[in-house]
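Student: below: sequence and its predicted model.
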Amino acid sequence: MDTNILFEKFTVDEVRAIEKKTRADIERKKEDLRTMVGERYRDLIEAADTITEMKNSAHNVMQSINRMESLCKELKQRHMVKGSLLYKREKPDNSSRKHELKFYGIASQIKLLLDMPEKIWSALDTSDYLTAARHYLLSRHVHTSLQLDSQQSPDLLSMFPVLTRQWAAISHFRSTILQGCRSLLRDAQADDQQIADCLCTIILLEDSTPRQVFNEFLLARTSAVQQLFKSNQQTSSIKEQTTLVIHLITTTIHQIYVVFFSGQSTVDAPCNLLLKILTEVTSKKQQETGLLEAHGTVSAKCLPRSVLEFMPSLRSHAVPVSLQQLQENSQQWINTCLKDVTSGLGKLLGFVNTVKRLADIRDALWEQLKQDHSMSLWGTVCSHVLNRSLSVWEDFLQDLFIDRAKALIKYQLDTATEMTKRHVTKVVMEIGSTSESISNGDTDLAEYIWHESSGDITQNMAWTTAAARSTSDNPGGLIMKAKAYTPFIQSLCKNYDEKLSSMMEDVSYYTQKSEDSVTMETPDGTEPFDRFSKADDLTNHIQMTCSTCIKELLDYLTEQIILWEKSLSEISDHSINIITQNKILLVGRLSYSLCEMAPSLQQCIAAIPPGKKTESLSYGKKSMKLSSSKIPDDPRWAETKQRLVRCQSECNRIWSNYLSDWVIRDLKQNLQTKKESDIITSCTRWDEVDIQEETEDGKKISSKIRVPMQASWYIHSLLYKLCKEINRVGGHAVHRSTLQNIVHKVSDGIVSCYESVIQESRSKNSTAIPLTQQRALQMLFDMKYVIQVIPRKEEGKENQRYNQRCKKIIDMLEEKVDPFDLDVFTPFMQSHLLKQGQRSAVLFGSITCLDKLGLYSGGRSSQTGQSEQHNVLPLTQCTGRFTLLPISSQPTRSSLPAPVLKQSLYKVTDSGMPSLTEKAAAVLPHSTSQKDVGSSFYNKLGSMSSMSDISNWFSNIGNK
Amino acid sequence: MNNLTLQRHTQLLEILEMPQLMDTCVRNGYYEEALELAAHVKRLEKKHSNVPIIKTIVGEVRNSAQLMLNQLIQQLRGNVQLPACLRVIGYLRRMDVFTEVELRIKFLQARDTWFQSILDAIPTDDYYVHITKTIEASRVHLFDIITQYRAIFSDDDPLISTSKDDSVNESALFHGWVTHKISQFLTTLETDLQYEVGGRLDSILGQCMYFGLSFSRVGADFRGLLAPIFQRATVCGFQKALQEANHRFELDMRTYNLMTQTTTVGSSYTAQSGPLNPPSILLDYYPLAVYCNQVLSAFNDLRLCAPISVACDIAQSLQASLLQVNRIILAFHRAEETTFNKGEQEKFSKFCDVYSQTLLPYLNKCLQALFPPQQLAQITGLTVNELTKSGNEVTIDIQEVLKPIKHLLPQREDTTIQIQTDQSASVLQTADQSASLTLPTGSDESAVNQSESVTSTEKDGENSDAVKTESESNIEPTADEGKVKFMTGNELEEDSGIS
């Protein structure tokens, strides 16, 4: 009912009525109500309670729905952020506080992000890659969560625009860290922990498996090994490089064991470090690992729980590398390394020039390994990792070192040999070039020996006794002269000896403990490896190489000798052949002197350890000098020596062959002459003896016979030439057998010459001149003389046959002589023969006194006192002087009749130009006959006086 | 301590003064004492070589010892007599410085040095003086050195030489040295003889031979080696003279005018012409005469020292020289032939005639006088006849020589050449007979007399036939007697063949 309508339809009364009515209604209704309430109160209370109950339940429903809603939101958020298990439950009590808190959380996270680069940098700087990686991971986590937040509250990015930029600054650290890790992997100096950290980092950052990182590790180490051999390491010495490589390899093996090995370990060494670290990293919270700063800072307090309790997680579960795989890969790796080391180190060692440096390197390695404490577990480590034992020295290096040492030894020996060869060639050339530059020691030993030189008497000679001196290093020039070693031979042997001994010394560093290393013996007596295990091998090598070198040298010399021998047989020029002979003899002397003058050679070949050298040097020399029997002869040395001696005897053989051929050729020429004029040329003075004989009827007849009293000139010359040649090569030092050989050859040659002459004269061939009695007598004398000088009385078939041949020749020659005459002549000839023999005993001493029982009566005894004919050259008996034609001086020149005296006394300087005196003679008129008489008188007078003078003077001497 | 030092002052002083004492000893030649001192110091050195003062003392004494060694060796390098040598070697031996071999070498070296210094001091201006002085020095001093060596060192005892090192032959050292010295002497001789020593080769020969003879007493008779040297020297000298003659002849022929007459002195000379006097006709041909004289003077030089053994060489050289003369004559003829007038032509052919008919036979005769065929025969053991037959007699082969200029000789001369050569041959034969018969009969003297008589008779100008018969008649009977006994059957036959 509407009030406005009421006032329109009804009047005021009516309205009052209505009002009253209504009031009444109200009153009544009030009454009714009051009654009703009174009546229905209990029902009302009941209803009110129910309403409150309803309200509570509705509120509960509302709450549950709200909670569901928020839970759903939470759930969504949680799925967005990895690793967060809990969501922020706390609800700020009031919105403003909550908001504030949230803001602070974001801000502190941003701060964390801002701090992160610095932290990562510093971690990188200390090579703490694991920390860096964890920082990186944390910051990534923070960034991601913020990113998510920003989706919810769009004002986040506007509030912190730095967020995107900061992430860009951090995100590149991943590659940096990985790079750092990988480079660290290559570093041999990195310790186990570092390596494990690195590997762990790689696993975290790249989500790889341990197996992968294992392979990566091995690869890195391989490339590190290779890198070490690269040429960029030039600055470091080979020694350093070698030790580095070895260190790298050993540490790698160790690290493989420590980091990866997960099997049952028998030793108490740490192992399987990688997994330990990995689990540690993935299971501990940031705070526990100390990644974040202490709680003290304001910002740290505000950090949300998700950040504080962040733990990096792996996609897959980390599985340790299986043992089999580990071993397989490791072995493979070792083999690769072996290859690399062999090639790389081989190259490097090629730059090492002395065995001593090799030994140095080896000792350095030895030291290094000895000081490396981890090496004590090496055996077990190897057996675990490689499933076999591995010795760094023996498997990797020993062969390389030995090979290099051998190469060095060979090189040095080759150089020595080559040098000797070159020197010999040079000297041979000098001998051939006939220039005077070379000292004549090698061309004329006699000159060298008999000429006093400054080196003959050494300093301190007076103090040392002869025996001591001859065994010392510097025995003086005299002993060399006595042994006929020329300066060249001396210097050559010395050089060779020095080379050898320096080589030996060099090698001795390798094969023997030096004094200082003895003191550094490890206390427990164990050594990383046996340094001298292959010393015997080296010694053998020296022996072999040395023998080979000597052989090579001898081959070269022999080659030359053969060439020279050929040239001797082909070239007939004696002067050239003398040069060739000098060369041959030089080589002979050299080869022999090498055994005596180069004690190191014996040491090398007989493998006398050079350690003994110092104390036994003098001893060795002495024994070599005096008698080589003191040192038990090594068969190899004996063989080498024999070879050298053989070379010498070969040289001597060629020389003696040539020499005997040469003298015999001359003899043959003289003996097998076809002309009488040659007989005249070679005639000697015969002794004229008065003999008295009784004829059958008792009459005494004195008669005069002529008997030969000396050997023919050519026999003299032959023997003397022989002596001279022998003397020229230093006869006293030539071995007796060689001389004997020569003498035998020559005497054989002489005998055959005579045989052929006799043969020829016997045959009816007319070309040969008849063998007259005179000639036969002379030849008889010659033959007997030769037999006397070269008696060859020693036993032996050769000598017997020789004597028989001689006898036959003598018989045949005697046949040619009238038997009566022979009877008469023989005693005289015999006495002449004896006299002649004694008189030339010293002159031909070099060839006569070879056999001890040869005649050496010295010629001091049995002097015939009688004054005898001094002249052995038969002179013409012409006494008359040829008169000259009296020639008047021609107007132009007349040098001819100039006084004979003048001509004979002064050298005619120039015959063509008339001298002043000649001109004067030409101008002055004088009688030619007078001049002639004068000159002849003068001449006679001069010659007479000189003759008588001299003969008087000499007869005094003769009668002495 | 000081006290002790004072007590031992004298002993200490003695030790400290040792070097001084040693030095004094050495310098004054008290080698005996020096040796004792040295021995004492050596003992000291052995015992107390760690004491520095002893070390210095030893060092000083060592220097003195070295000085002593040098002094001793220096003594050997001087003119020392045997006793001094013995003493020095005795000291050296006691010093025990050298081994036996070294000692020998050093001794010979040192003595050799001295000897060389003497040889070097001989002036070399005049080769004759040089060689004679060398001979004398060598003879005296080498002999001394050898004697000294012999007295000091013993080679005879085989025990010494065998007991030691076998590689060095001690006695060979001495032989080597002697050989070395003799070679040296022979080389000197040969070089000196290369130069002109004039006509005094004979005196050098004599000296050398005496030298050799005296050396024969020490067993080094090298006279056998001298012969070839002197033979060479003689031939060489002769050849030089002939060269000179040829040269002279060539010069003369260049300026020779055929028509020049030089018979001015010829007449006076002809009176004394004999077989060994040059034919005076040569005087008409001046170059020939000069050549003849040159050759003759060469012969005269040769004569003084002419070993028989060089006979053939001399003949050959002469022949070679004559061939040279031929060449010159031919050259002369070639140059002048075109301008010859008749007189010159005649004169030239006469020139050739004289050359071939007179000069050559004459030279042959001279050769034979120089080298009597009988002497040669005696040496070869052949008879003169055989020698001639085998063509080895010492003559010029005239036919051979004349061959190149045969066309220049007058035709008619051929026969005479033949005759001439025949004659010469016969002369040879007879002369040879006489000589060969001469020898067995008497001593050297008579032979010389004989030859002298021959020359004298020849000089007298009688013809040679008479001489021959005379000598034959003189000698024959004795020869027969001698021969029966001492000739072999062979030779008898030969002889009979000749007669």
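Tutor: Looks like it came in fine.

Student: so the chain: which segments form each domain?
Tutor: Using chain A. Following the assignment in automatic domain parsing, chain A carries domains at A:3-80, A:95-385, A:392-515+A:532-655, A:672-689+A:703-848, A:900-958.

Student: should've been chain B
Tutor: Domain ranges of chain B: B:1-76, B:98-221, B:223-498, per automatic domain parsing.

Student: could you dump the domains of chain A to a markdown table with mean neighbour count and mean pLDDT?
Tutor: Yep, even glycine has a C-beta here, placed from its N, CA and C like the rest. Formatted as a markdown table, these follow (neighbours: other CB atoms under 10 Å in any protein chain shown; pLDDT from 0 to 100):
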| stretch | mean neighbour count | mean pLDDT |
| --- | --- | --- |
| domain A:3-80 | 11 | 86 |
| domain A:95-385 | 18 | 76 |
| domain A:392-515+A:532-655 | 18 | 75 |
| domain A:672-689+A:703-848 | 20 | 81 |
| domain A:900-958 | 14 | 42 |
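
Student: for A:Gln255, give me its contacts.
Tutor: Contact analysis of A:Gln255 by CB atoms under 8 Å, 6 or more residues apart in numbering or on different chains lists A:192, A:195, A:217.

Student: just the element for it, please.
Tutor: Secondary structure from DSSP states H and E places A:Gln255 in helix A:238-255.

Student: got the angle between the following helix or strand past that helix and helix A:238-255?
Tutor: Following helix A:238-255 in sequence order, the next helix or strand is helix A:273-283 (DSSP H and E). With axes from the mean of the first three to the mean of the last three CA atoms, to 10 degrees applied, the angle from helix A:273-283 to helix A:238-255 works out at 60 degrees.

Student: what helices or strands is helix A:273-283 leaning on?
Tutor: The helices and strands touching helix A:273-283, judged by 3 or more CB pairs under 8 Å, 6 or more residues apart in numbering or on different chains; DSSP states H and E, are helix A:129-152, helix A:192-206, helix A:210-229.

Student: and the longest helix seen in chain A, what does it pack onto?
Tutor: With secondary structure taken from DSSP state H, chain A has its longest helix at helix A:12-80. Contact partners of helix A:12-80 among helices and strands, from 3+ CB pairs under 8 Å, 6+ apart: helix A:3-9.

Student: residues in contact with the helix it packs on?
Tutor: Residues from elsewhere that reach helix A:3-9, judged by CB under 8 Å, 6+ apart: A:15, A:18.

Student: only C-alpha atoms, please: export it in CSV.
Tutor: Taking Å, rounded to 0.1, in the frame of the first residue of the first chain, the C-alpha atoms of helix A:3-9 are listed here in CSV:
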residue,chain,number,x,y,z
THR,A,3,0.9,6.4,1.1
ASN,A,4,0.5,8.8,-1.8
ILE,A,5,-2.4,6.9,-3.2
LEU,A,6,-4.1,6.9,0.2
PHE,A,7,-4.0,10.6,0.4
GLU,A,8,-5.5,10.9,-3.0
LYS,A,9,-8.5,8.6,-2.6
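
Student: so which residues on the stretch 1-150 of chain B come close to chain A?
Tutor: Taking CB under 8 Å from any CB of the partner chain as the contact definition, the stretch 1-150 of chain B meets chain A at B:42, B:62, B:65-70, B:73, B:95-99, B:101-102, B:105-106, B:108-110, B:112-113, B:139, B:146, B:150.

Student: show me where the stretch 301-450 of chain B dips below the pLDDT cut-off.
Tutor: Counting by pLDDT under 70, the ranges of the stretch 301-450 of chain B that qualify are B:381-394, B:410-450.

Student: where along chain B do the strands fall?
Tutor: Here chain B has no strands by DSSP state E.

Student: what of chain A?
Tutor: Taking DSSP E as the test, the strands found in chain A are A:686-694, A:700-708.

Student: so which of those strands is nearest A:Glu815?
Tutor: Nearest of those to A:Glu815, taken as CB to CB: strand A:700-708 at 17.1 Å.

Student: name every strand pairing with the closest one and say which way it goes.
Tutor: Sheet partners assigned to strand A:700-708 using DSSP bridges are listed as strand A:686-694 (antiparallel).

Student: first-to-last residue distance for stretch A:307-326?
Tutor: 38 Å (CA to CA, to the nearest Å).

Student: at the geometric centre of chain A, which residue sits there?
Tutor: Residue closest to the average C-alpha location in chain A (CA atoms, centre = their mean): A:Leu408, at 2.0 Å.

Student: nearest residue to that residue other than its sequence neighbours?
Tutor: Distance criterion CB to CB, 6 or more residues apart in numbering or on different chains; nearest residue to A:Leu408, sequence neighbours excluded, is A:Val355 at 5.3 Å.

Student: do A:Ser702 as well
Tutor: Closest residue to A:Ser702 apart from its sequence neighbours, by CB to CB, 6+ apart: A:Gln692 at 4.7 Å.

Student: how many residues are close by that neighbour?
Tutor: Counted with other CB atoms under 10 Å in any protein chain shown, residues neighbouring A:Gln692 total 8.

Student: and if you look at the one 5 residues further on?
Tutor: The number of residues packed around A:Asp697, counting by other CB under 10 Å, is 5.

Student: ok, B:Pro404 to B:Ile329 distance?
Tutor: Taking CB to CB, to the nearest Å as the measure, B:Pro404 falls 9 Å from B:Ile329.

Student: sorry, slip of the keys, the one I care about is B:Arg248.
Tutor: 14 Å.

Student: and A:Thr511, by the same measure?
Tutor: In terms of CB to CB, A:Thr511 sits 92 Å off from B:Ile329.

Student: list the residues that contact the residue nearest to the centre of chain A.
Tutor: A:352-355, A:358, A:506.

Student: same question for A:Gln147.
Tutor: Neighbour list for A:Gln147: A:Leu163 [criterion: CB under 8 Å, 6+ apart].

Student: so what's the most centrally placed residue in chain B closest to, chain neighbours aside?
Tutor: In chain B, the residue lying closest to the centroid (CA atoms, centre = their mean) is B:Phe230, at 3.4 Å. Leaving aside its sequence neighbours, B:Phe230 sits nearest to B:Leu205 (CB to CB, 6+ apart; 5.6 Å).

Student: that neighbour against A:His870, yeah?
Tutor: No - checked against CB atoms under 8 Å, the pair B:Leu205 and A:His870 is beyond contact range at 9.7 Å.

Student: on that earlier part again, in TSV: the helices and strands packed on helix A:273-283, plus distance to A:Gln241.
Tutor: TSV is the format used below for the helices and strands packed on helix A:273-283 (distance: least, CB to CB, whole Å):
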stretch	distance to A:Gln241
helix A:129-152	27
helix A:192-206	22
helix A:210-229	6
